[in-house]
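Participant: sharing a sequence plus its predicted fold:
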Amino acid sequence: MKPMRLIRIIIPTLLLLAGGGAAYYFLCYAKPSAPPVQTYQLDLPDLTLNLADEDRPHYLKTGVSLVILGAAPEEILLERESQVRDAVIMVMTQHTYRELLSPEGKEALKNNVRIAVDAGLCEDGFQVRDVLFTEFVMD
């Protein structure tokens, strides 16, 4: 085979393989551009509520701030504030004074609140990233 003919076969073959490899990479591994994700902080008004103790009444006064990720406008999140507040109250009133005395109990409460609020907001494109207590007083 003549060297010139060999070059005419090898160069297009290499270019074809490189193009195929690049196409495969971009089709299989390149992530499609998603809408930008915003971080919102939703500060709920202070809550004073009864805990689930049966032996004697206990209450919890707390401030809750939620760190929320979402691609939707903040106005939608603010429209859902009543549902968010209701979910937080429903979760918190299921816990007892003794459960919430320990740091592990408070972390469990944060996790339960995060799951409950997340379930209500996920259909709108939001995700609760963190639950922060700005105040936490029990009696």
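Facilitator: Right, received. Where do you want to start?
Participant: if I pick A87, what's in contact with it?
Facilitator: Counting by CB atoms under 8 Å, 6 or more residues apart in numbering, A87 makes contact with 113, 116-117, 119-120. Any C-beta I mention is one placed from the backbone N, CA and C, and that applies to glycine too.
Participant: do that again at 6 Å, thanks
Facilitator: 116-117, 120 (CB atoms under 6 Å, 6 or more residues apart in numbering).
Participant: cool, and R85?
Facilitator: Per CB under 6 Å, 6+ apart, neighbours of R85: L44.
Participant: over to G63?
Facilitator: Residues near G63 by CB under 6 Å, 6+ apart: 46, 134-135.
Participant: out of these, the closest to T96 would be?
Facilitator: E135 (19.4 Å; CB to CB).
Participant: what bridges to that closest one?
Facilitator: Per DSSP bridges, the residues bridged to E135 are G63.
Participant: that one and S65: what is the separation?
Facilitator: 10 Å (CB to CB, to the nearest Å).
Participant: likewise Q38?
Facilitator: From Q38 across to S65, the span is 16 Å (CB to CB).
Participant: could you do L51 as well?
Facilitator: Counting by CB to CB, the separation of L51 from S65 is 21 Å.
Participant: neighbour count winner among those two?
Facilitator: A direct count of neighbours by other CB atoms under 10 Å for L51 and S65 places L51 higher, at 19 against 14.
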